[in-house]
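Chemist: just the structure for this:
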Amino acid sequence: MIRSMTAFARKDAQGDWGSLTCEVRTVNHRYLEPSFRLPDALRELETGLRDALRGRLKRGKVDVSMRLQLAENSGQRFEISDEVAKAVNEAANHVNRILDNPAHISALDILRWPGVLSVPEQDFGPVRSAATQLFEDVVAELVVVREREGERLRPLFEERLTAMTGLVSEVRTLMPDLLTAQEQNLRSRFEKAQVELEPERVAQEMVLLAQKSDVAEELDRLSAHITEVTDTLQSDEPIGRRLDFLMQELNREANTLSSKSIDARVTRAAVDLKVLIEQMREQVQNLE
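Modeler: Predicted coordinates for the structure are as follows:
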């Protein structure tokens, strides 16, 4: 399965506690690099969400964002201890009666005193459960989007692999005639130079020429790598890294083919191969 690393998914959830929105956006990256932006009430979920994400994605820079809007009836409430407030007020009045120049004490001064004002702990359990389920649903949708985007690239790879196979076959067909032409050219140069054609000398020169211009191994390796890429595209596992390695190997063989070229047609085929490989490599960078 071909999976793109570029995708976006968004879902909402509602309940008696309010509404929750989760967005996940991914772009290409060499490794899996998640980043979470969660409301304070859901911060403790981050470790579990990271673990769940690693189970579904293998590569990519992942930005996760959650927004929580609590219902009005579940808003923040304050509790005031009347006993502590009265005790603080009485103590302040007592001190004021002692002082020559007493200072006025306000309600805010009393509220700041420890124990007067408290915030009851709110039960965010239902919100956290909903957030966990929502995150799993969004990631599942994201995986589908990544697969859909990746499959759109399959024809591009298949077309270029077919073209590369044709180029390799073309060069393989050309080589016997090219080597024969090179041998004739070598003999012709000897004749023009009026050099006596010693059989051993000619044989040595032909061996050297064959070694310099023999591209059979390069063509075999190109064919093997093309087959490996074709097989890799059928894998259900993440294939981005393997394809990236194969693109490097293909490019290396194309460069060697070009350096050993003894004919403009072989050089042109090598250049065309490198263009096709580069076109695939650009797309491979975005695959999981």
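Chemist: my read: Gly115 touches Val84, true?
Modeler: Yes. Contact criterion C-beta atoms under 8 Å: Gly115 and Val84 qualify, at 4.6 Å. In this view, the C-beta of every residue, glycine as well, is placed from N, C-alpha and C.
Chemist: looking at those two, which has the bigger crowd around it?
Modeler: With neighbours defined as other C-beta atoms under 10 Å, Gly115 and Val84 compare such that Val84 has more, 16 against 11.
Chemist: report the contact partners of the more buried one.
Modeler: Trp113, Gly115, Val116 (C-beta atoms under 8 Å, 6 or more residues apart in numbering).
Chemist: ok, Asp12 next?
Modeler: For Asp12, the contacting residues are Ser19, Leu20, Thr21, Cys22, Leu134, by C-beta under 8 Å, 6+ apart.
Chemist: name the member of these with the most neighbours.
Modeler: The contacts of Asp12, ranked by neighbours (other C-beta under 10 Å): first place Cys22, 25 neighbours.
Chemist: surely it is in a strand?
Modeler: Yes. Per DSSP: H, G, I helix; E, B strand; the rest coil, Cys22 lies within a strand segment.
Chemist: Arg54: which of the contacts of Val84 is nearest?
Modeler: Gly115 (45.0 Å; C-beta to C-beta).
Chemist: can you tell me how far the closest one is from Ser106?
Modeler: 18 Å (C-beta to C-beta, to the nearest Å).
Chemist: show me where the protein has strands.
Modeler: Remark: strands assigned in the chain by DSSP state E are 7-15, 18-27, 32-37, 60-70, 79-80, 117-118.
Chemist: got a markdown table for those, with distance to Gln234 too?
Modeler: Listed next are those as a markdown table, based on distance: least, C-beta to C-beta, whole Å:
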| stretch | distance to Gln234 |
| --- | --- |
| strand 7-15 | 22 |
| strand 18-27 | 23 |
| strand 32-37 | 24 |
| strand 60-70 | 22 |
| strand 79-80 | 64 |
| strand 117-118 | 63 |
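Chemist: count the neighbours of the closest residue in space to Asp236 that isn't next to it in sequence for me.
Modeler: If the residues on either side of it in the chain are set aside, Asp236 comes closest to Met1, at 5.3 Å by C-beta to C-beta, 6 or more residues apart in numbering. Neighbour count for Met1, taken as other C-beta under 10 Å: 16.
Chemist: oh, and call the first residue 59 from now on, that's how I've got it
Modeler: Yes, from this point I'll number from 59; that puts the last item at Met59.
Chemist: my read: Met59 touches Ser293, true?
Modeler: Yes. The criterion here is C-beta under 8 Å, and Met59 meets it with Ser293 at 7.4 Å.
Chemist: output the lowest mean pLDDT helix or strand found in this protein.
Modeler: Counting by mean pLDDT, DSSP states H and E, the chain has its least confident helix or strand at helix 257-271, which shows a mean of 60.
Chemist: pLDDT below threshold where in the protein?
Modeler: 131-136, 176-180, 237, 239-271 (pLDDT under 70).
Chemist: how near is Cys225 to Ala129?
Modeler: Careful, residue 225 is Leu and not Cys. Distance of Leu225 to Ala129, computed by C-beta to C-beta: 65 Å.
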